[in-house]
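> here's a sequence, model it:
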Amino acid sequence: MRNEKSPSADAQLAGLQNQVALLEQQLAASQRELEAFAYAVAHDLRAPLRSLSGFSQALIELAEQTPNPKAQHYLNRIQQASRKMSELIDALLGLSRISRADLLRRTVDLSAVCHEAVAAIRGKYVGRDIEITIEPDMQAMGDARLLRVALDALLDNACKFTDTRARAHIAIERTNTDRGVAYCVRDDGVGFDMAYEEKLFKPFQRLHSDERYAGLGIGLAAVQRVIARHGGFVWARSQPEKGAQILFTLPS
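Model (predicted):
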């Protein structure tokens, strides 16, 4: 006996599919509006922040003419706070740009992009003994510019959290996972407790104190946005004092 769907069932299914498509469009539109709002707010905050920084610097110079240690201390605190706020605004704008940028998908020589990122990051960690190995001939489908943003952040993260090692080891390679072939940035640094993994890829969330490891907690959030825009997944594996692995997939 043939089991055929009735016309009414087909109509109901088509109606549900249309509703889902409409909701997806509304969600995408809301996301774009939110990103545009965040960009506008961050951009508009720059002007008053520049004024705050400029006036406080002028007051510091005046205070130097008639020394007042307490006033000097407070003015220096204002300067430090304004610099921190400026960095946060720049980070917020950077995140927004990742979400708003056009995605130009093509075949990318990921190994070559990794070598470019390594050459750039070494300038930031001059004096450190860091061995970085890159698997050759890694190819991927994606936007080379955005993937470079992700790799810059991943390498910076790995270099930062291996500073207790006399000789740090970092590897960028492919590996087989339950989600298929993934790209992995692996280090032998301080690692972290996997109980805090959920915080890892959220903006401005940090697992370590600012006194120990300076930063804004934005790097891995940027990685997550880049990979999500490609339709991939990003996740982590780690144990305290046993290094960390940040893995991501890129659909072919």
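> longest strand in this protein, please.
strand 168-177 (DSSP state E).
> and it, how far out from the chain's middle?
Its chain's C-alpha centre and that of strand 168-177 lie 19 Å apart, by C-alpha atoms, centre = their mean, to the nearest Å.
> repeat for stretch 84-91
14 Å.
> got the buried residues for that stretch?
By neighbour count with 16 or more other C-beta atoms under 10 Å, stretch 84-91 contains the buried residues 86, 88-89, 91. To be clear about C-beta, it is placed using only N, CA and C from the backbone, and glycine gets the same treatment.
> taking these one by one, which sit in helices?
86, 88-89, 91 (DSSP state H).
> so which residues of the protein form strands?
Using DSSP E, strands in the chain cover 106-109, 130-134, 139-142, 168-177, 180-187, 234-238, 244-248.
> need those strands in TSV with mean pLDDT, mean neighbour count and distance to residue 64, can you?
Formatted as TSV, those follow (pLDDT from 0 to 100; neighbours: other C-beta atoms under 10 Å; distance: least, C-beta to C-beta, whole Å):
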stretch	mean pLDDT	mean neighbour count	distance to residue 64
strand 106-109	97	14	53
strand 130-134	98	16	41
strand 139-142	96	19	52
strand 168-177	97	17	42
strand 180-187	97	19	44
strand 234-238	96	19	48
strand 244-248	97	22	45
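> nearest to residue 118, out of these?
strand 130-134 (5.2 Å; C-beta to C-beta).
> elements contacting that closest one?
Helices and strands touching strand 130-134, by 3 or more C-beta pairs under 8 Å, 6 or more residues apart in numbering; DSSP states H and E, are helix 110-122, strand 168-177.
> looking at the ones you listed, spot the one closest to residue 14.
Of all the helices and strands packed on strand 130-134, strand 168-177 comes closest under C-beta to C-beta, at 37.2 Å.
> which stretches of the chain form helices?
Assigned by DSSP H, the chain shows helices spanning 7-65, 69-100, 110-122, 144-160, 197-200, 219-229.
> and these, which one is worst for confidence?
Per-segment mean pLDDT for these reaches its minimum on helix 7-65, at a mean of 71.
> on that earlier part again, tell me the one of the buried residues of stretch 84-91 nearest residue 184?
Scanning those for proximity to residue 184, where the rule is C-beta to C-beta, the winner is residue 91, at 25.1 Å.
> would you confirm that residue 249 contacts residue 233?
Yes - under the contact definition of C-beta atoms under 8 Å, residue 249 touches residue 233, with a separation of 5.1 Å.
> common neighbours of the two, please.
Taking C-beta atoms under 8 Å, 6 or more residues apart in numbering as the contact rule, residue 249 and residue 233 both touch 179, 227.
> hmm, who's touching stretch 97-117?
Contacts for stretch 97-117 (C-beta under 8 Å, 6+ apart): 31-32, 35-36, 39, 134-149, 151-152, 155, 172, 183, 222, 225-226, 229-230.
> how about that stretch: buried residues?
Neighbour counts over stretch 97-117 (16+ other C-beta under 10 Å) mark 98-99, 105, 108, 110-111, 113-115, 117 as buried.
> same deal with stretch 115-124?
115, 117-118, 121.
> can you check stretch 65-82 too?
Burial within stretch 65-82, assessed by neighbour count using 16+ other C-beta under 10 Å, is assigned to 75, 78-79, 82.
> closest to residue 207 out of the residues you listed?
Among the buried residues of stretch 65-82, residue 82 lies closest to residue 207 (C-beta to C-beta), at 26.3 Å.
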